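[1] What follows is a protein structure lacking sequence information:
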């Protein structure tokens, strides 16, 4: 019986990782190719390049506010499949778009879809994980995301160097379709039976969200992940433009360099998936230091070697912060509330995704891209310090409680 259960768990995990791989390949294509498509095919201004990412974030934010927390956890798998189907339709219409306004509308729609899919996939990962192996399942899930990003950017480099950027959407349309079919199949295999059957009211959602945001480890994870969003979002939105403006790197070459960034991320997550981490705090602190160093190096105009160096350094925190932050959150709340808490987590990230490219684009227009990097480094560092503060405060509270008992 145990062998049968283990086999079912393994099959479900492989299918889930396959969905994550194909889904993230498609979404990363949208986030990296759409800016290039907007700038060099549609011939729009840099402001509109940033606006595509901003509207993607708005769509995801709307999904988190109005949809995610209200989804009954038992219906999570089928909901994911439905939204993947919507994203596939969005990619098809990108292929046909001819002006910047169509691109902006599609950015909102695909953002809405991904605003539902990504946090709910994390919920499914936690629910199917056996007790005691949750951190490894999360690491395996995020490793599949990183592997998909490597595959995606290499494909994007090949496509943009050999054929029109527009046809990237045609190729990734089929990848997104595979993700959709896999998820519909997986939704018939897994059962997510929970005690709570009724749908939460909006007031109950707010109450659970408020409670989770009072926990020190949740805040530690939240602020750390928000801070890392600065270099990551700017790399995928403006990275090809940074490389071309300062180091003469063509967009197709940039995609290959981005594969190096994702390779470091993948190797980091692969190690986390097979090895028990004894001290998650040290891992987070080391990731914070690498984030600051790598981000500041991006602003130094010292040729392609320095640019590659910054990408390699930033790849480590990209691989470590998200799975570690997700582990802290999953360990701090009940499984039944994961949809709500992960949705709040992603919602706050969406607000940041909404703001960062927009503000960066304005600063770059007024001053320069380099100045925008250094000015946005200030709030990033402050967020990291806030994350550390909440962790230290929570550790002191835990020790005080242990002493009184």
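    Cool, got the structure. Note that the coordinates shown come from a computational prediction; the quantities given were computed from them, not determined experimentally. Numbers count the residues shown, from 1 in each chain.
[2] Mind jotting down where the helices sit in this protein?
    Secondary structure of the chain (DSSP state H): helices at 2-36, 46-66, 76-96, 100-128, 134-162, 168-187, 202-212, 216-247, 251-274, 280-298, 304-330, 338-366, 369-404.
[3] Let me have those in a markdown table, extended by mean pLDDT and mean neighbour count.
    To be clear about C-beta, it is placed using only N, CA and C from the backbone, and glycine gets the same treatment. Shown next, in a markdown table, are the helices of the chain (pLDDT from 0 to 100; neighbours: other Cβ atoms under 10 Å):
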| stretch | mean pLDDT | mean neighbour count |
| --- | --- | --- |
| helix 2-36 | 79 | 20 |
| helix 46-66 | 76 | 23 |
| helix 76-96 | 89 | 20 |
| helix 100-128 | 83 | 23 |
| helix 134-162 | 78 | 22 |
| helix 168-187 | 88 | 20 |
| helix 202-212 | 62 | 15 |
| helix 216-247 | 79 | 23 |
| helix 251-274 | 82 | 21 |
| helix 280-298 | 91 | 19 |
| helix 304-330 | 86 | 23 |
| helix 338-366 | 74 | 21 |
| helix 369-404 | 84 | 15 |
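[4] Please give me every residue in contact with residue 45.
    The contact partners of residue 45, by Cβ atoms under 8 Å, 6 or more residues apart in numbering, come to none.
[5] What confidence value was assigned to it?
    Note for residue 45: predicted pLDDT of 79.
[6] May I have the phi/psi pair for it?
    When quoted as degrees, to the nearest 10, the phi and psi of residue 45 stand at phi -70, psi 160.
[7] any idea how far residue 38 is from it?
    Distance, residue 45 to residue 38, by Cβ to Cβ, to the nearest Å: 9 Å.
[8] likewise residue 82?
    Relative to residue 38, and taking Cβ to Cβ, residue 82 is found at 28 Å.
[9] again, but for residue 256
    Residue 256 sits 21 Å away from residue 38 when distances are taken as Cβ to Cβ.
[10] Tell me the spacing between residue 93 and residue 110.
    Going from residue 93 to residue 110 by Cβ to Cβ gives 9 Å.
[11] Please disregard the earlier target; I meant residue 314.
    Distance from residue 314 to residue 110, counting by Cβ to Cβ: 25 Å.
[12] residues touching residue 141, list them.
    Neighbouring residues of residue 141 by Cβ under 8 Å, 6+ apart: 16-17, 20, 121-122, 125, 323.
[13] one more time with 7 Å, if that's ok
    Residues near residue 141 by Cβ atoms under 7 Å, 6 or more residues apart in numbering: 17, 20, 125.
[14] just residue 356 next, same as before
    229-230, 233-234, 376.
[15] now do 6 Å
    Residue 356 makes contacts with residue 233, as judged by Cβ atoms under 6 Å, 6 or more residues apart in numbering.
[16] and what of residue 306?
    Residues counted as contacts of residue 306 (Cβ under 6 Å, 6+ apart) are residue 300.
[17] try 7 Å this time
    For residue 306, the contact set (Cβ under 7 Å, 6+ apart) comprises 297, 300.
[18] and the gap between it and residue 107?
    31 Å.
[19] same deal with residue 240?
    Counting by Cβ to Cβ - residue 240 and residue 107 are separated by 17 Å.
[20] swap in residue 234?
    Distance, residue 234 to residue 107, by Cβ to Cβ: 17 Å.
[21] Next, count neighbours for residue 276.
    Neighbour count for residue 276, taken as other Cβ atoms under 10 Å: 7.
[22] same thing with residue 191?
    Neighbourhood size, residue 191 [other Cβ under 10 Å]: 9.
[23] Just give the nearest non-adjacent residue to it, would you?
    Excluding its sequence neighbours, the residue lying closest to residue 191 (Cβ to Cβ, 6 or more residues apart in numbering) is residue 74, at 7.8 Å.
[24] Compute the number of surrounding residues for that neighbour.
    When neighbours are counted by other Cβ under 10 Å, residue 74 registers 14.
[25] Give me the pLDDT for it.
    So, for residue 74, pLDDT stands at 75.
[26] quick one: contacts for the closest residue to residue 270 other than its chain neighbours?
    Using Cβ to Cβ, 6+ apart and skipping residues adjacent in sequence, the residue nearest residue 270 is residue 143, 5.0 Å away. Contact partners of residue 143, counting by Cβ under 7 Å, 6+ apart, are 266, 269-270, 273.
[27] Most widely separated two among these?
    Greatest spatial distance in those: 266 and 273, 10.3 Å, computed using Cβ to Cβ.
[28] Just give the nearest non-adjacent residue to residue 187, would you?
    Once flanking residues are discounted, residue 187 sits nearest to residue 77: 3.5 Å by Cβ to Cβ, 6+ apart.
[29] tell me the contacts of that neighbour?
    124, 183, 186-187, 190.
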